[in-house]
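In: turn this into a structure:
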Amino acid sequence: MVTTSTGVRDERDNRDQGSVFAITNHTDDFALDCDSTSDGELADVLGTLIQNLIRQGILNGTVATA
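Out: A predicted model of the protein is given here:
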């Protein structure tokens with residue numbers, strides 16, 4: 001289910017459109033200093049967000065475990 005920019009809810013299931021995310025070398029990171037950050041920190045925060053969306057069933061994908 002998606003809400004469009006006009007606020008209209010689209011009830012179609014958009015999870016099955018062929019996009020599968022794969023997260024590797026991931027470290028949980030929930031903090032991001034927007035004034036001073038590194039590529040690695042940004043990648044970890046994004047990876048954490050994607051991982052949580054996969055676990056909730058919002059995105060299709062896998063998360064590699066060490």
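In: ok, and the closest non-adjacent residue to residue 50?
Out: In space, and not counting its chain neighbours, residue 50 is closest to residue 21: 5.4 Å by CB to CB, 6 or more residues apart in numbering. Where you see a C-beta, it was placed from the backbone N, CA and C, and this is true even at glycine.
In: go on, residue 63?
Out: residue 23 (4.5 Å).
In: residues contacting the one you found?
Out: 47, 50, 51, 54, 61, 62, 63, 64 (CB atoms under 8 Å, 6 or more residues apart in numbering).
In: per-residue confidence for it?
Out: Residue 23 is assigned a predicted lDDT (pLDDT) of 80.
In: can you report phi and psi for it?
Out: Dihedral pair for residue 23: phi -110, psi 130, per degrees, to the nearest 10.
In: which element is residue 40 on?
Out: helix 39-55 (DSSP states H and E).
In: packing partners of that helix?
Out: Applying 3 or more CB pairs under 8 Å, 6 or more residues apart in numbering; DSSP states H and E, we find helix 39-55 packed against strand 21-23, strand 61-63.
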